[in-house]
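K.L.:
Show me the folded form of this:
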Amino acid sequence: MIETTIRFFQEGGFFMYPISLVLVVGIIIAIERYAYLTVAKRSNRTVFDKLYSMIRGKDLNGALKYASQSESAMGMMVGAGLQRLARKQSREEIEYAMEEGLLETMPRLEKRTQYLATLANVSTLLGLLGTIIGLIAAFTAVASADPAEKASLLSQSISVAMNTTAFGLIAAIPLLLIHSVLQTKTNEIVDSFEMAGVKVMNLISERSGQQPTAKPAARPQAPEASGAQPAPAV
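P.N.:
You can find the predicted model right below:
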């Protein structure tokens, strides 16, 4: 099997090497992105559970300190909202701050993932280009060959030229599948951020609604007009 693979690679011609380079670069990006997203999802979940328990326990100062010390994206997003809450700002301002933190996080989550789809397309195009150039060379060689050998030589040349297309598809299909997996994983993390923001806002609203409101002081009765006569004593 290894010998067949080596022979298949050697018979493909020059374009097998750039396709191999594209495949290697895509695999490196896929491994790095998968590891980053896995660690980010785990750390964000841990930070959110800690912050949620602290906010539910009305330890807002501790939650704000923990969020500011955390280097995770979840800590930055929730911390931005807690800072607005500490300044007694409105619910809309808190939501805007958390949305801003989410927008700052998304580019880091989606970074380099789109390259995989581009590399898959490049791999396919390189395979087609190699096949076309191989076919041109094959027909050129057949034109000056002996008529009795033209059929066998042409079929053999076409078979060799098609190797680049096959190898381009072999490299492109896994890259597209990996891109789909990473895109789904990224969307799950973004959805978890939105869910965390809603939970924190609901918890803050419940906490604000449980605070006793001050009763208004009794208004003093207006003094009697000076022209009014007191009621006669019986």
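K.L.:
from here on, contacts and neighbour counts on C-alpha atoms
P.N.:
OK.
K.L.:
can you point me to the longest helix in this structure?
P.N.:
Taking DSSP state H as the criterion, the chain has its longest helix at helix 150-210.
K.L.:
Quick one: mean pLDDT for that helix?
P.N.:
The predicted model assigns helix 150-210 a mean pLDDT of 83.
K.L.:
One more: stretch 49-65?
P.N.:
84.
K.L.:
and it, how far apart are its ends?
P.N.:
The first and last residues of stretch 49-65 sit 15 Å apart, counting by C-alpha to C-alpha, to the nearest Å.
K.L.:
Sort out which residues of that stretch are buried, please.
P.N.:
Of the residues in stretch 49-65, those buried by neighbour count under the rule 16 or more other C-alpha atoms under 10 Å are Leu51, Tyr52, Met54, Ile55, Leu60, Ala63, Leu64.
K.L.:
can I get the residues you listed in JSON lines with distance to Phe14 and secondary structure?
P.N.:
Converted to JSON lines, the buried residues of stretch 49-65 look like this (distance: C-alpha to C-alpha, whole Å; DSSP: H, G, I helix; E, B strand; the rest coil):
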{"residue": "Leu51", "distance to Phe14": "56", "secondary structure": "helix"}
{"residue": "Tyr52", "distance to Phe14": "58", "secondary structure": "helix"}
{"residue": "Met54", "distance to Phe14": "61", "secondary structure": "helix"}
{"residue": "Ile55", "distance to Phe14": "62", "secondary structure": "helix"}
{"residue": "Leu60", "distance to Phe14": "64", "secondary structure": "helix"}
{"residue": "Ala63", "distance to Phe14": "59", "secondary structure": "helix"}
{"residue": "Leu64", "distance to Phe14": "59", "secondary structure": "helix"}
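K.L.:
give me every residue that touches the nearest residue to Ser70 once chain neighbours are set aside.
P.N.:
Setting aside the residues directly before and after it, Ser70 is nearest to Met76 in space (C-alpha to C-alpha, 6 or more residues apart in numbering), at 7.4 Å. The contact partners of Met76, taken as C-alpha atoms under 8 Å, 6 or more residues apart in numbering, are Ala67, Ser68, Ser70, Gly101.
K.L.:
Alright, calling it a day.
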